[in-house]
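S.K.: I need the structure of the sequence given here:
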Amino acid sequence: MRVTTDLWVSALVRRVFGAGGFAAVVKRGATEAGAVFVLSRGRLGEMALYGPAPQTSYDSARPDDRFFTLLDAGDDSTAFDARLEREKKFDPDIWVVEIEAGAVPVEELLSVKAD
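M.R.: Residues are numbered from 1 along each chain as shown. Next up, the predicted model:
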């Protein structure tokens, strides 16, 4: 049984706060199975956008895991906003979670797969 997106996002927010960071759900999507995008902001203004990893990243033995891939990084917030708007037009059921990870790297909070 796959964990609902609502529950998974709640757990992510708790992990971020538990690690001394900050997290906010910017857009709520489909409760059961909405795609999750994570916008990570650093304390010096750097940003990174993570989205669902391609299906080829998943292990058939563990189909319920959630993996992410780095979609973009930089310091231009308008580019990230434009990308998320395009994603929302393509799939209105997406979730957007914004985090400031604090002392813990984002890779410890998300299962990030390299391209």
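
S.K.: for this structure, which spans come out with low pLDDT?
M.R.: 1, 55-64, 115 (pLDDT under 70).

S.K.: helix/strand/coil for Gly102?
M.R.: Going by DSSP: H, G, I helix; E, B strand; the rest coil, the secondary structure assigned to Gly102 is coil.

S.K.: Once you drop chain neighbours, what's closest to it?
M.R.: Among residues not flanking Gly102 along the chain, Gly21 sits closest, at 3.4 Å (CB to CB, 6 or more residues apart in numbering). Glycine gets a C-beta too; all of them are placed from N, C-alpha and C.

S.K.: so who does that neighbour touch?
M.R.: The contact partners of Gly21, by CB atoms under 8 Å, 6 or more residues apart in numbering, come to 99-104.

S.K.: swap the cut-off to 6 Å and go again
M.R.: 100-102 (CB atoms under 6 Å, 6 or more residues apart in numbering).

S.K.: Phe22 versus Leu110, what's the distance?
M.R.: 16 Å (CB to CB, to the nearest Å).

S.K.: Phi and psi next, for the most centrally placed residue in the chain.
M.R.: Compute the mean C-alpha point of the chain, and by CA atoms, centre = their mean the closest residue is Val38, 2.5 Å away. The phi/psi pair for Val38 (degrees, to the nearest 10) reads phi -120, psi 120.

S.K.: again with Phe80
M.R.: Main-chain torsions, Phe80, degrees, to the nearest 10: phi -70, psi -40.

S.K.: Quick one: neighbours of it, just the number.
M.R.: Other residues near Phe80 come to 22 when the count uses other CB atoms under 10 Å.

S.K.: Go ahead and confirm it touches Ala48.
M.R.: No: between Phe80 and Ala48 there is no contact under CB atoms under 6 Å: 8.9 Å.
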